[in-house]
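K.L.:
the sequence and its predicted three-dimensional model are supplied below.
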Amino acid sequence: MSELAFLLLLFGLPAAVGFYMARRRGKNPFLWGVISGIFPFFLVVLHMQHKPLDKKNTP
C-alpha cells in the first residue's frame, strides 16, 4: 500500500466521517472534521508508547 493511501485512510476517512456526522447533527463540521482527523494519530502514539520494542526482554 502506498504511503499516500495509508495517510488518507488513517486521517482522511475519520475526518470525512466526523465532518459528515457533525453536518447532519447541526454541529460545526470543520471543527469535528479536524478533531476526528487528528484523533487516530494520538491513538497510534499511545500504542507505540506502551508497546515493548524488544519482546525478548519482557517477562
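P.N.:
Looks like it arrived, so ask away.
K.L.:
got the phi and psi for the closest residue to I38 other than its chain neighbours?
P.N.:
Distances taken as C-beta to C-beta, 6 or more residues apart in numbering put F11 closest to I38, at 7.7 Å, once the chain neighbours are dropped. Just so you know, the C-beta spots here come from the backbone N, C-alpha and C atoms, and that holds for glycine as well. Backbone torsions for F11, taken as degrees, to the nearest 10, come to phi -110, psi -40.
K.L.:
how about the contacts made by F11?
P.N.:
Listed by C-beta atoms under 8 Å, 6 or more residues apart in numbering, the contact partners of F11 are G37, I38, P40, F41.
K.L.:
can you name the helix or strand that the third one falls in?
P.N.:
Assessed by DSSP states H and E, P40 sits inside helix 29-49.
K.L.:
point out the other helices and strands that that helix packs with.
P.N.:
Using 3 or more C-beta pairs under 8 Å, 6 or more residues apart in numbering; DSSP states H and E as the contact criterion, the neighbours of helix 29-49 among helices and strands are helix 13-25.
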